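1. structure, please.
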Amino acid sequence: MSNKFPPVLLAISTAVALSACSLADNGNNNHANKSVNQPSTQTQSTPAAQADSAPLFSNLADDDSRKQVQEILQKHLNKSDVDTVMTWAADYNHTINNTNLTQGFSTAVPSYDAAAIDELWAKSKGDFIGTNCRINTFSLLKDNIQISGADTANDQMLFMDHDAITTGKLLSSDELSKFNRLFAKVKTEPTKNVQVHAKKMQAHFVGIQFDDNATMLSVVFHDDIDGDYLFIGHVGVLVPSNTSHLFIEKLSFQEPYQAVKFADKNTAYAYLLDKYAVDFNQPTAQPFIMENDKLVKWADEKPTAAS
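-> All right, here's what the predicted structure looks like:
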(Lines give C-alpha, C1' and ligand atoms only; values in the text may rest on other atoms or scores of the structure.)
Protein backbone atom coordinates (compact mmCIF):
# COMPACT_ATOMS: atom_id res chain seq x y z
CA MET A 1 0.00 0.00 0.00
CA SER A 2 1.42 3.40 -0.91
CA ASN A 3 2.38 5.91 1.77
CA LYS A 4 -0.21 8.62 2.25
CA PHE A 5 2.37 11.22 3.30
CA PRO A 6 5.71 10.55 1.52
CA PRO A 7 9.06 12.11 2.48
CA VAL A 8 8.43 15.10 0.19
CA LEU A 9 6.26 16.29 3.06
CA LEU A 10 9.37 18.03 4.38
CA ALA A 11 9.53 20.25 1.31
CA ILE A 12 5.99 21.61 1.33
CA SER A 13 4.64 24.73 2.97
CA THR A 14 5.66 25.97 6.37
CA ALA A 15 2.13 25.50 7.65
CA VAL A 16 2.09 21.81 6.86
CA ALA A 17 5.61 21.37 8.22
CA LEU A 18 4.56 22.93 11.49
CA SER A 19 1.48 20.77 11.71
CA ALA A 20 3.60 17.63 11.34
CA CYS A 21 6.13 18.33 14.13
CA SER A 22 8.69 17.91 11.37
CA LEU A 23 10.74 21.08 11.14
CA ALA A 24 14.16 19.49 10.91
CA ASP A 25 17.46 20.66 12.35
CA ASN A 26 19.70 22.01 9.60
CA GLY A 27 22.72 20.63 11.40
CA ASN A 28 24.46 23.99 11.62
CA ASN A 29 23.39 25.00 15.13
CA ASN A 30 23.23 28.57 13.92
CA HIS A 31 22.74 29.95 17.41
CA ALA A 32 25.33 27.79 19.14
CA ASN A 33 27.81 30.70 19.36
CA LYS A 34 25.25 33.42 20.06
CA SER A 35 25.19 34.97 23.50
CA VAL A 36 21.79 34.42 25.02
CA ASN A 37 20.39 35.46 28.36
CA GLN A 38 19.53 32.68 30.77
CA PRO A 39 16.15 33.11 32.52
CA SER A 40 16.70 34.70 35.91
CA THR A 41 14.40 32.17 37.59
CA GLN A 42 16.63 29.23 36.62
CA THR A 43 19.88 28.14 38.25
CA GLN A 44 22.90 29.14 36.13
CA SER A 45 25.51 26.56 35.21
CA THR A 46 29.18 27.45 34.88
CA PRO A 47 30.82 27.00 31.45
CA ALA A 48 33.03 24.25 32.86
CA ALA A 49 30.03 22.37 34.25
CA GLN A 50 28.22 22.68 30.95
CA ALA A 51 31.22 21.35 29.02
CA ASP A 52 31.34 18.28 31.27
CA SER A 53 27.60 17.66 31.07
CA ALA A 54 26.81 17.00 27.43
CA PRO A 55 23.27 15.78 26.71
CA LEU A 56 22.83 12.01 26.53
CA PHE A 57 20.56 10.66 23.78
CA SER A 58 18.56 7.43 23.62
CA ASN A 59 16.02 6.10 21.11
CA LEU A 60 14.63 3.55 23.63
CA ALA A 61 15.92 0.79 21.36
CA ASP A 62 17.29 -1.48 24.11
CA ASP A 63 15.83 -3.01 27.26
CA ASP A 64 18.01 -1.07 29.72
CA SER A 65 17.24 2.41 28.38
CA ARG A 66 13.53 1.61 28.01
CA LYS A 67 13.30 0.38 31.58
CA GLN A 68 15.25 3.37 32.89
CA VAL A 69 13.12 5.92 31.05
CA GLN A 70 9.88 4.16 31.96
CA GLU A 71 10.77 4.14 35.66
CA ILE A 72 11.69 7.84 35.63
CA LEU A 73 8.51 8.85 33.84
CA GLN A 74 6.28 6.76 36.10
CA LYS A 75 7.55 8.67 39.13
CA HIS A 76 5.85 11.79 37.77
CA LEU A 77 3.14 10.66 35.34
CA ASN A 78 0.18 8.30 35.27
CA LYS A 79 1.55 4.75 34.93
CA SER A 80 -1.00 3.76 32.30
CA ASP A 81 -0.20 6.83 30.19
CA VAL A 82 3.52 6.05 30.33
CA ASP A 83 2.89 2.41 29.42
CA THR A 84 0.84 3.49 26.40
CA VAL A 85 3.55 5.77 25.01
CA MET A 86 6.30 3.26 25.70
CA THR A 87 4.27 0.67 23.78
CA TRP A 88 4.01 3.10 20.86
CA ALA A 89 7.78 3.67 21.00
CA ALA A 90 8.53 -0.06 21.01
CA ASP A 91 6.16 -0.60 18.08
CA TYR A 92 7.75 2.27 16.13
CA ASN A 93 11.28 0.96 16.71
CA HIS A 94 10.29 -2.57 15.72
CA THR A 95 8.47 -1.35 12.59
CA ILE A 96 11.50 0.58 11.31
CA ASN A 97 13.89 -2.28 12.18
CA ASN A 98 15.78 -0.01 14.60
CA THR A 99 17.15 1.91 11.59
CA ASN A 100 19.69 4.57 12.75
CA LEU A 101 18.70 4.09 16.39
CA THR A 102 21.11 4.37 19.30
CA GLN A 103 21.65 1.62 21.86
CA GLY A 104 21.60 2.88 25.43
CA PHE A 105 22.41 6.55 26.08
CA SER A 106 25.12 8.29 24.05
CA THR A 107 26.61 11.78 23.76
CA ALA A 108 26.60 11.38 19.96
CA VAL A 109 23.78 13.43 18.41
CA PRO A 110 21.71 10.94 16.36
CA SER A 111 21.22 11.34 12.61
CA TYR A 112 18.25 9.74 10.87
CA ASP A 113 17.47 8.69 7.31
CA ALA A 114 13.86 9.90 7.33
CA ALA A 115 13.18 8.63 3.80
CA ALA A 116 14.33 5.07 4.56
CA ILE A 117 12.47 5.05 7.87
CA ASP A 118 9.30 6.40 6.25
CA GLU A 119 9.42 3.67 3.61
CA LEU A 120 9.66 0.95 6.24
CA TRP A 121 6.83 2.47 8.26
CA ALA A 122 4.53 2.88 5.24
CA LYS A 123 5.17 -0.69 4.07
CA SER A 124 3.96 -2.00 7.42
CA LYS A 125 1.36 0.57 8.49
CA GLY A 126 -0.18 1.82 5.24
CA ASP A 127 -2.38 4.86 5.76
CA PHE A 128 -1.63 5.16 9.48
CA ILE A 129 1.09 7.82 9.61
CA GLY A 130 1.94 7.14 13.25
CA THR A 131 2.30 9.64 16.07
CA ASN A 132 4.09 12.95 16.41
CA CYS A 133 5.37 15.19 19.19
CA ARG A 134 1.99 16.65 20.16
CA ILE A 135 0.15 13.32 20.28
CA ASN A 136 2.82 11.75 22.50
CA THR A 137 3.13 14.78 24.78
CA PHE A 138 -0.62 15.00 25.30
CA SER A 139 -0.84 11.25 25.91
CA LEU A 140 1.81 11.47 28.62
CA LEU A 141 0.45 14.60 30.33
CA LYS A 142 -3.32 14.24 29.90
CA ASP A 143 -3.89 13.04 33.47
CA ASN A 144 -1.45 15.58 34.96
CA ILE A 145 -3.01 18.74 33.53
CA GLN A 146 -6.51 20.19 33.72
CA ILE A 147 -7.91 21.69 30.50
CA SER A 148 -11.05 23.81 30.24
CA GLY A 149 -12.60 25.78 27.37
CA ALA A 150 -12.18 22.99 24.83
CA ASP A 151 -15.10 24.18 22.69
CA THR A 152 -13.27 27.34 21.55
CA ALA A 153 -10.20 25.78 19.94
CA ASN A 154 -8.95 26.78 16.47
CA ASP A 155 -7.69 23.38 15.31
CA GLN A 156 -7.07 24.16 11.62
CA MET A 157 -3.34 23.39 11.86
CA LEU A 158 -3.93 19.98 13.42
CA PHE A 159 -5.35 18.17 10.39
CA MET A 160 -2.50 15.64 10.18
CA ASP A 161 -2.68 15.02 13.92
CA HIS A 162 -6.42 14.39 13.50
CA ASP A 163 -5.76 11.93 10.67
CA ALA A 164 -3.37 9.96 12.86
CA ILE A 165 -5.63 10.09 15.92
CA THR A 166 -8.67 8.93 13.93
CA THR A 167 -6.91 6.20 11.95
CA GLY A 168 -5.03 4.88 14.97
CA LYS A 169 -7.95 5.33 17.40
CA LEU A 170 -5.51 7.03 19.76
CA LEU A 171 -7.75 9.38 21.79
CA SER A 172 -11.35 9.47 23.00
CA SER A 173 -13.64 12.27 21.79
CA ASP A 174 -13.24 14.11 25.11
CA GLU A 175 -9.47 13.75 24.95
CA LEU A 176 -9.46 15.01 21.36
CA SER A 177 -11.34 18.15 22.41
CA LYS A 178 -8.75 18.82 25.11
CA PHE A 179 -5.93 18.07 22.67
CA ASN A 180 -7.34 20.65 20.25
CA ARG A 181 -7.67 23.20 23.06
CA LEU A 182 -4.07 22.71 24.17
CA PHE A 183 -2.47 22.86 20.72
CA ALA A 184 -4.81 25.27 18.90
CA LYS A 185 -3.26 28.05 16.84
CA VAL A 186 -3.31 31.44 18.55
CA LYS A 187 -4.01 34.81 16.91
CA THR A 188 -1.14 37.26 17.33
CA GLU A 189 0.29 40.50 15.93
CA PRO A 190 2.59 41.13 12.92
CA THR A 191 5.73 41.70 14.97
CA LYS A 192 9.07 40.01 15.67
CA ASN A 193 8.79 40.93 19.35
CA VAL A 194 8.77 37.61 21.18
CA GLN A 195 7.51 39.21 24.38
CA VAL A 196 4.31 40.22 22.55
CA HIS A 197 3.82 36.68 21.25
CA ALA A 198 4.56 35.12 24.65
CA LYS A 199 1.77 37.18 26.20
CA LYS A 200 -0.61 35.88 23.52
CA MET A 201 0.37 32.30 24.36
CA GLN A 202 -0.03 32.94 28.08
CA ALA A 203 -3.54 34.27 27.44
CA HIS A 204 -4.27 31.15 25.38
CA PHE A 205 -3.16 28.94 28.28
CA VAL A 206 -5.51 30.60 30.77
CA GLY A 207 -7.88 27.85 31.88
CA ILE A 208 -5.19 25.18 31.58
CA GLN A 209 -3.65 24.03 34.84
CA PHE A 210 -0.18 22.62 34.20
CA ASP A 211 1.94 20.33 36.33
CA ASP A 212 4.89 22.17 37.89
CA ASN A 213 6.95 18.99 38.09
CA ALA A 214 6.31 17.14 34.81
CA THR A 215 6.32 20.10 32.45
CA MET A 216 5.41 20.70 28.82
CA LEU A 217 8.39 22.14 26.93
CA SER A 218 7.20 23.79 23.70
CA VAL A 219 8.77 25.38 20.65
CA VAL A 220 6.34 28.10 19.53
CA PHE A 221 6.40 29.28 15.91
CA HIS A 222 5.04 32.46 14.35
CA ASP A 223 3.25 31.89 11.03
CA ASP A 224 1.86 34.59 8.73
CA ILE A 225 0.59 32.51 5.79
CA ASP A 226 -3.06 33.24 6.54
CA GLY A 227 -2.91 36.03 9.09
CA ASP A 228 -0.53 36.13 12.04
CA TYR A 229 -0.77 33.09 14.28
CA LEU A 230 1.30 31.24 16.86
CA PHE A 231 1.52 27.47 16.85
CA ILE A 232 3.30 24.81 18.92
CA GLY A 233 5.45 23.26 16.20
CA HIS A 234 7.40 20.95 18.50
CA VAL A 235 6.85 19.82 22.07
CA GLY A 236 7.95 17.24 24.62
CA VAL A 237 7.81 16.39 28.32
CA LEU A 238 10.52 17.36 30.82
CA VAL A 239 10.80 15.64 34.21
CA PRO A 240 13.42 15.74 36.98
CA SER A 241 15.67 12.71 37.40
CA ASN A 242 18.01 12.67 40.40
CA THR A 243 20.49 15.49 39.65
CA SER A 244 19.50 15.87 35.98
CA HIS A 245 16.39 16.25 33.80
CA LEU A 246 14.90 13.83 31.29
CA PHE A 247 13.20 15.12 28.16
CA ILE A 248 11.14 12.78 25.98
CA GLU A 249 10.06 13.73 22.47
CA LYS A 250 8.88 12.21 19.20
CA LEU A 251 10.74 14.17 16.56
CA SER A 252 8.12 13.84 13.81
CA PHE A 253 5.74 11.36 12.20
CA GLN A 254 8.73 10.05 10.21
CA GLU A 255 11.46 10.38 12.84
CA PRO A 256 12.12 8.44 16.06
CA TYR A 257 11.49 8.88 19.75
CA GLN A 258 14.28 10.50 21.69
CA ALA A 259 14.85 10.47 25.44
CA VAL A 260 17.49 13.08 26.29
CA LYS A 261 19.20 13.57 29.64
CA PHE A 262 20.16 17.18 30.39
CA ALA A 263 22.31 18.44 33.27
CA ASP A 264 19.85 21.29 33.87
CA LYS A 265 16.82 22.98 32.36
CA ASN A 266 18.86 25.68 30.64
CA THR A 267 20.65 23.02 28.61
CA ALA A 268 17.30 21.60 27.52
CA TYR A 269 16.08 25.06 26.47
CA ALA A 270 19.28 25.69 24.49
CA TYR A 271 19.02 22.31 22.74
CA LEU A 272 15.56 23.15 21.42
CA LEU A 273 16.45 26.72 20.50
CA ASP A 274 19.60 25.68 18.60
CA LYS A 275 17.63 23.03 16.74
CA TYR A 276 14.60 25.05 15.68
CA ALA A 277 15.44 28.79 15.78
CA VAL A 278 17.11 28.97 12.37
CA ASP A 279 17.20 32.46 10.85
CA PHE A 280 15.97 32.66 7.26
CA ASN A 281 15.52 36.47 7.44
CA GLN A 282 11.79 35.82 7.55
CA PRO A 283 9.35 38.62 8.40
CA THR A 284 8.03 36.62 11.34
CA ALA A 285 9.48 36.17 14.82
CA GLN A 286 12.01 33.46 15.56
CA PRO A 287 10.68 30.37 17.38
CA PHE A 288 10.82 30.64 21.16
CA ILE A 289 10.72 28.19 24.05
CA MET A 290 7.99 27.98 26.68
CA GLU A 291 7.88 25.72 29.73
CA ASN A 292 4.21 25.22 30.47
CA ASP A 293 2.85 28.79 30.20
CA LYS A 294 6.14 30.63 30.84
CA LEU A 295 8.58 32.07 28.28
CA VAL A 296 12.01 30.65 29.14
CA LYS A 297 14.30 31.22 26.14
CA TRP A 298 14.34 32.98 22.78
CA ALA A 299 16.86 33.76 20.05
CA ASP A 300 17.20 37.52 20.44
CA GLU A 301 17.91 37.55 24.17
CA LYS A 302 20.69 39.90 25.30
CA PRO A 303 23.49 38.74 27.64
CA THR A 304 23.42 39.94 31.23
CA ALA A 305 26.22 40.48 33.72
CA ALA A 306 25.46 37.09 35.24
CA SER A 307 25.74 35.23 31.90
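
2. and the residue nearest the centre of the chain?
-> When C-alpha atoms, centre = their mean is applied to the chain, the residue found nearest the centroid is residue 235 (2.2 Å).

3. what helix or strand does residue 87 sit in?
-> Assigned by DSSP states H and E, residue 87 belongs to helix 79-95.

4. average pLDDT for that helix?
-> Mean per-residue pLDDT for helix 79-95: 98.

5. same check, this time on stretch 54-63
-> Mean predicted lDDT for stretch 54-63 stands at 96.

6. got the buried residues for that stretch?
-> Neighbour-count burial for stretch 54-63, counted by 16 or more other C-beta atoms under 10 Å, picks out 55-62. All C-beta atoms are positioned from the backbone trio N, CA, C, and that covers glycine.

7. of those residues, just say which sits nearest to residue 267.
-> Among these, residue 55 lies closest to residue 267 (C-beta to C-beta), at 6.5 Å.

8. I figured that closest one hits residue 259, correct?
-> No - judged on C-beta atoms under 8 Å, residue 55 makes no contact with residue 259 at a distance of 10.5 Å.

9. and the end-to-end length of stretch 199-209?
-> This stretch, stretch 199-209, spans 17 Å end to end (C-alpha to C-alpha, to the nearest Å).

10. kindly report the same for stretch 71-79.
-> Terminal residues of stretch 71-79 lie 9 Å apart, using C-alpha to C-alpha.

11. cool, stretch 157-176 as well?
-> Stretch 157-176: ends 14 Å apart by C-alpha to C-alpha.

12. stretch 249-267 now?
-> Terminal-residue distance, stretch 249-267 (C-alpha to C-alpha): 15 Å.

13. buried residues of stretch 82-93, list them for me.
-> Under 16+ other C-beta under 10 Å, the buried positions of stretch 82-93 are 82, 84-86, 88-89, 92-93.

14. looking at those residues, which is nearest residue 289?
-> Lowest distance from residue 289 to these (C-beta to C-beta) belongs to residue 85, with 22.0 Å.

15. wait, that closest one sits on residue 135?
-> No - using C-beta under 8 Å, residue 85 is not in contact with residue 135; the gap is 9.2 Å.

16. now do the strands in the stretch 101-250 of the chain.
-> With strands called from DSSP state E, counting those that start in this stretch, the stretch 101-250 of the chain shows them at 146-147, 186-187, 208-209, 215-223, 229-241, 244-250.
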